[in-house]
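Student: Sharing a model that was predicted from the sequence below.
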Amino acid sequence: MNPRLWAGSILSYGYNFHVSNIPSRQIRSIYLRAYLGGYGDGAAVQMGCRFLNGKKVFLGDRTVINFSCLLDGRKYEIRTGHDVSIGPEATILTLGHDPQSADFSDRGGDVLIGSYVWIAYRAIILPGVTLGDGVVVAAGAVVTRSCEPFSIVAGCPAKVIGYRNPDLTYRLEYAPWLL
């Protein structure tokens with residue numbers, strides 16, 4: 001086995017099954033700064049989140065990932081802007097399979113998330129999607145294609161249901177002690 005692959009697997013296992021369940025944001029943050037590709041100032045990851053190949057996951061400043069999310073950076077990157085809120089149990093995928101492939105070949109792509117994006121509870125973002133600045137993804141939505149800035153999308157597959165005020169200035173600072 002490739003030594004880098006082996007080391008990455010050990011780091012993933014260590015975080016996903018041990019560190020992610022430690023009720024200390026500070027301890028998890030120390031590990032994530034070393035494990036992820038990027039961990040912005042003021043970023044916060046709550047308990048129970050899982051990362052597949054953390055070296056391809058880049059979290060922007062003040063990105064908040066709520067409990068039990070899955071971020072899949074196995075082959076492609078996930079990048080967030082600043083002040084991004086990812087709701088509980090959301091899933092961001094970068095890799096899947098081509099359903100038309102006779103040999104079940106991989107299909108995927110980077111997931112790029114702009115600043116001030118709000119991804120609600122149990123939303124799913126599929127490979128190759130770009131969410132422009134200020135996008136809101138409704139709870140339970142399945143995003144199969146890129147979304148224009150400040151759009152609000154909902155459903156399966158997600159469709160535009162409205163637009164958000166583009167004059168956003170908030171700064172996320174959600175950092176509970178135990179979560």
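Tutor: That came through, no problem.
Student: Against Leu95, how distant is the residue of the chain most remote from its centre?
Tutor: In the chain, the residue that sits farthest from the middle, by CA atoms, centre = their mean, is Ala102; the gap is 30.2 Å. Using CB to CB, to the nearest Å, Ala102 is found at 19 Å from Leu95. The C-beta positions use only the backbone N, C-alpha and C, and glycine is treated the same way.
Student: do Tyr121 as well
Tutor: 23 Å.
Student: Do a quick rundown of the helices in this protein.
Tutor: 3-17, 25-35 (DSSP state H).
Student: Compare the mean pLDDT across these and name the weakest.
Tutor: Mean pLDDT values for those show the minimum at helix 3-17, a mean of 88.
Student: what comes up buried for the lowest-mean-pLDDT helix or strand in the chain?
Tutor: None of the helices or strands of the chain scores lower by mean pLDDT, DSSP states H and E than helix 3-17, at a mean of 88. Under the neighbour-count criterion of 16 or more other CB atoms under 10 Å, helix 3-17 has Gly8, Leu11, Ser12, Tyr15, Asn16 buried.
Student: before we move on, the earlier item: Ala175: which of the helices of the chain is closest?
Tutor: If you check each of the helices of the chain against Ala175 by CB to CB, helix 25-35 wins as the nearest, at 6.0 Å.
Student: what angle separates that closest one from helix 3-17?
Tutor: 160 degrees (axes from the mean of the first three to the mean of the last three CA atoms, to 10 degrees).
Student: List of residues touching helix 25-35?
Tutor: For helix 25-35, contacts defined as CB atoms under 8 Å, 6 or more residues apart in numbering pick out 11, 14-15, 19-20, 22, 39, 43-47, 51, 54-55, 175-179.
Student: With Ser105 as the reference, measure out to Thr94.
Tutor: Thr94 is 15 Å from Ser105, by CB to CB.
Student: What of Glu89?
Tutor: Glu89 sits 29 Å away from Ser105, going by CB to CB.
Student: Which of the two has more residues huddled nearby?
Tutor: Glu89 (18 against 9; other CB atoms under 10 Å).
Student: related to what we said a few turns ago, same list (the helices of the chain) but as CSV, adding distance to Glu148.
Tutor: As requested, those are exported to CSV (distance: least, CB to CB, whole Å):
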stretch, distance to Glu148
helix 3-17, 34
helix 25-35, 31
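Student: which residues does Ile125 bridge with?
Tutor: With DSSP bridges as the criterion, Ile125 is bridged to Ile92, Val143.
Student: That concludes my questions; thank you for your assistance.
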